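# fold the following and give me the result.
(2 chains)
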There are 2 protein chains.
Amino acid sequence: MADAATSQNARGDTRLKFIESTSALMMEMNSIDVTLLQIAARSGLNSALIKYHFGNKDGLLTAVALHASERNMDALNQLVEAKISPRKKMEIHLTGLMQLYWHHPYINVLCQYILRHSEEKYKEAIDKKIMQPFIQLQNTIIRQGIEAGEFRNVDPEMTFYIMRGACDSLIDASQQMSNASRIRGMSQAARLEYTHEVVNMLLHGISSHPLV
Amino acid sequence: MADAATSQNARGDTRLKFIESTSALMMEMNSIDVTLLQIAARSGLNSALIKYHFGNKDGLLTAVALHASERNMDALNQLVEAKISPRKKMEIHLTGLMQLYWHHPYINVLCQYILRHSEEKYKEAIDKKIMQPFIQLQNTIIRQGIEAGEFRNVDPEMTFYIMRGACDSLIDASQQMSNASRIRGMSQAARLEYTHEVVNMLLHGISSHPLV
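This is a model prediction of the structure:
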């Protein structure tokens, strides 16, 4: 039993090391085009282990996307049921989304790549474990807000894409904004200001009454 | 004289043919990774002419981006000076931007590619002829709106990126939305609805008073 548990832990450690190395490389290279050779070098592990743990490279990429969005998805799940106003829920949700994009700027491009080009089982994992739950949870908050009279009668599905696009603009802005040049092109303060500006724009955008 | 004019026209025709073929290929392939071979085949012209007319492939790509945004930029220039309310200007501007992204969905990715990877002269062309004028004109409308009391006191530069991200979401939405499957994944009606939803979200988002 102790041996099995130890081996299980070691297995988990190796998986996590590959996932974290891949994530770090994607951030540094500002691209999802990382090679198995680069991942092996970064993790200090043999690239043959990727096949053992993830099946193939797309299996590893899928694990990276699931790992990156896991905490955000848990938080969103709890948020939907919380006894606070839909407007406050939306504020917390959008702020969380901006944090996710800051810590894992590759997440949208990675999910799109897998949904377009990977094997069916990986597409299904991204669709069923990230895209669909995410869209449904955000839609629930929007419907709660419309029912409570706090939100305009927006189309929840279109609003999902519009909000994602607005939040995701953080990534281009962090590389291109003229006054943003310290950390990854944007200081911590500038990132918080940007988050504030996006969340404000979208909350004002969706609200049926002026915000105070 | 007549011969010189004819030759000038022929030169323009060849340039335009390359530009339009490249644009059509990028739309069909849903990617800016088109090869000179593909462009030559599509245009029915010899790929050696690309070097003659554009210097190299990045010169052609720069010409494609400038051509795509030309009409939009002219319209935006005139809009800034028009004697209508800043809110109406913003509505017209955002609607025009959505049209640009629909007809040239590659435009943002293409500009980013050139700004990151091309020679200095092409970077400069995109920056000076597209990015800077565009940001400045949109900023002018935002400042006019703040002064007129129609807009909240937003940060114009951040707002540029946020609005671009929200409008650009049309491209992902047109490929992924569940009810969008006729033309390029989204019917004409669905595109107009999406445009309406984005423009509404951003106008409500930037306005200091509730919209009627």
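# pull up the residues of chain A that are close to chain B.
A:112, A:115, A:152, A:154-155, A:157-159, A:161-170, A:172-173, A:176-179, A:193-194, A:197-198, A:200-202, A:204-207, A:209-210 (CB under 8 Å from any CB of the partner chain). No exception for glycine: its C-beta is placed from N, CA and C like everyone else's.
# any weak-confidence spans in chain A?
For chain A, the stretches flagged by pLDDT under 70 are A:1-6, A:178-185, A:210-212.
# quick one, strands of it?
Assigned by DSSP state E, chain A shows no strands.
# how is it partitioned into domains?
Domain assignment for chain A by automatic domain parsing gives A:1-55, A:65-206.
# can you add distance to residue B:84 and give these back as TSV?
Output for these, formatted as TSV (distance: least, CB to CB, whole Å):
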stretch	distance to residue B:84
domain A:1-55	41
domain A:65-206	22
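# would you turn the ones you listed into a markdown table with mean neighbour count?
Below are the domains of chain A laid out as a markdown table (neighbours: other CB atoms under 10 Å in any protein chain shown):
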| stretch | mean neighbour count |
| --- | --- |
| domain A:1-55 | 14 |
| domain A:65-206 | 18 |
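# and the closest residue to residue A:90 other than its chain neighbours, what does it touch?
With sequence-adjacent residues excluded and distances taken as CB to CB, 6 or more residues apart in numbering or on different chains, residue A:90 is closest to residue A:141, at 5.7 Å. Shown in contact with residue A:141 (CB atoms under 8 Å, 6 or more residues apart in numbering or on different chains): A:79-80, A:86, A:89-90, A:93.
# could you rerun that using 10 Å?
A:76, A:79-80, A:86-90, A:92-93, A:151, A:156, A:206 (CB atoms under 10 Å, 6 or more residues apart in numbering or on different chains).
# of those, closest to chain B?
residue A:206 (6.9 Å; CB to the nearest CB).
# out of the contacts of residue A:141, who's nearest residue B:126?
Relative to residue B:126, the closest of those is residue A:206; by CB to CB it sits at 33.5 Å.
# and the gap between that closest one and residue B:169?
Residue A:206 is 15 Å from residue B:169, where distance means CB to CB, to the nearest Å.
# now residue A:22
Where residue B:169 is concerned, residue A:22 sits at a distance of 27 Å (CB to CB).
# and residue A:45, by the same measure?
On the measure of CB to CB, residue A:45 and residue B:169 end up 38 Å apart.
# one more: residue A:54?
31 Å.
# and the longest helix anywhere in chain A, what other elements does it pack with?
When chain A is scanned for its longest helix (criterion: DSSP state H), the result is helix A:2-29. Here helix A:2-29 touches helix A:36-43, helix A:48-54, helix A:57-81, helix A:107-117, going by 3 or more CB pairs under 10 Å, 6 or more residues apart in numbering or on different chains; DSSP states H and E.
# I'd like those helices as TSV, with distance to residue B:108 appended.
What follows is those, written out as TSV (distance: least, CB to CB, whole Å):
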stretch	distance to residue B:108
helix A:36-43	27
helix A:48-54	32
helix A:57-81	23
helix A:107-117	13
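# relative to residue B:65, which of those helices is closest?
Of all the helices and strands packed on helix A:2-29, helix A:107-117 comes closest under CB to CB, at 20.6 Å.
# contacts for that closest one, please.
With CB under 10 Å, 6+ apart as the test, helix A:107-117 has contacts from A:22-23, A:26, A:31-33, A:58, A:61-62, A:64-66, A:68-69, A:72, A:97, A:100-101, A:104, A:106, A:122-127, A:130-131, A:134, A:164-165, A:167-168, A:171, B:30, B:172, B:175-176.
# what's the distance between it and the middle of its chain?
12 Å (CA atoms, centre = their mean, to the nearest Å).
# how about stretch A:25-43?
18 Å.
# from what I see, residue A:95 and residue A:196 are in contact.
Yes. The pair residue A:95 / residue A:196 is scored as a contact, 8.9 Å apart, by CB atoms under 10 Å.
# what sits against residue A:122?
Counting by CB under 10 Å, 6+ apart, residue A:122 touches A:54-56, A:58-59, A:61-63, A:65, A:114-115.
# go again using 7 Å as the cut-off
A:58-59, A:62, A:114 (CB atoms under 7 Å, 6 or more residues apart in numbering or on different chains).
# just checking, residue A:63 touches residue A:19?
Yes. Contact criterion CB atoms under 7 Å: residue A:63 and residue A:19 qualify, at 5.5 Å.
# if you rank the contacts of residue A:122 by neighbours, which is first?
Among the contacts of residue A:122, residue A:62 has the most neighbours (other CB atoms under 10 Å in any protein chain shown), with 26 neighbours.
# that one touches residue A:126, doesn't it?
Yes. Here residue A:62 reaches residue A:126: they are 6.4 Å apart, a contact under CB under 7 Å.
# state the distance from the spatially closest residue to residue A:47 that is not a sequence neighbour to chain B.
Excluding the flanking residues, the one nearest residue A:47 by CB to CB, 6+ apart is residue A:40, at 3.7 Å. Separation of residue A:40 from chain B (CB to the nearest CB, to the nearest Å): 27 Å.
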